[in-house]
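*Asks:* Pasting the sequence and the predicted coordinates here, then a few questions.
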Amino acid sequence: MRKLLLFLLSLAAGCLMSVFVFMSGFYKHFFSLGAVLIGIYVFKSYETKGPKIAFILLTLVFSFLLPPTYVLFAYANGWYVPPQFLEGVQ
């Protein structure tokens, strides 16, 4: 159960960091703050190094994989994609 919770918290933090990349203006910092608060919760809840390292690695993986996945999916379906993410796409 704790591994599933760690996975879901990493997914949530990765999603928040992905939204941080897509947003502009002052509001994007609230998403970053949310990811930091999730990280603080994880670091207080788990005592050993293993889950902490797993949280950091999974969050990084999700934060790097989710934006390109969204851009490809949105571009294929005709949804709005910020222009800076379409450089090099014809």
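*Replies:* It's in.
*Asks:* Quick check: closest non-adjacent residue to residue 81.
*Replies:* Spatial nearest neighbour of residue 81, excluding adjacent residues (CB to CB, 6 or more residues apart in numbering): residue 74 at 4.9 Å. Every C-beta, even on glycine, is put in place using the N, C-alpha and C of the backbone.
*Asks:* which element is that neighbour on?
*Replies:* Applying DSSP states H and E as the criterion places residue 74 in helix 49-77.
*Asks:* tell me which residues in that helix are buried?
*Replies:* 51, 52, 54, 55, 58, 59, 62, 63, 66, 67, 70, 71 (16 or more other CB atoms under 10 Å).
*Asks:* Dump those residues into a markdown table; add distance to residue 86 and pLDDT as well.
*Replies:* Formatted as a markdown table, those follow (distance: CB to CB, whole Å; pLDDT from 0 to 100):
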| residue | distance to residue 86 | pLDDT |
| --- | --- | --- |
| 51 | 37 | 95 |
| 52 | 36 | 96 |
| 54 | 33 | 96 |
| 55 | 32 | 96 |
| 58 | 28 | 96 |
| 59 | 26 | 96 |
| 62 | 22 | 95 |
| 63 | 20 | 93 |
| 66 | 17 | 91 |
| 67 | 12 | 88 |
| 70 | 12 | 87 |
| 71 | 8 | 85 |
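*Asks:* List just the nearest of those residues to residue 10.
*Replies:* The shortest approach to residue 10 among the buried residues of helix 49-77 belongs to residue 58, at 3.6 Å (CB to CB).
*Asks:* burial of the nearest residue to that closest one once chain neighbours are set aside, as a residue count?
*Replies:* What sits nearest to residue 58 in space, not counting adjacent residues and going by CB to CB, 6+ apart, is residue 10, at 3.6 Å. Counted by other CB atoms under 10 Å, the residues lying close to residue 10 total 24.
*Asks:* these two touch, right, residue 10 and residue 63?
*Replies:* No: using CB atoms under 8 Å, residue 10 is not in contact with residue 63, being 9.5 Å away.
*Asks:* which SSE is the residue positioned nearest the centre of the chain in?
*Replies:* Centre of the chain computed as the mean C-alpha position; nearest residue by CA atoms, centre = their mean is residue 14, 1.8 Å away. Assigned by DSSP H and E, residue 14 belongs to helix 2-22.
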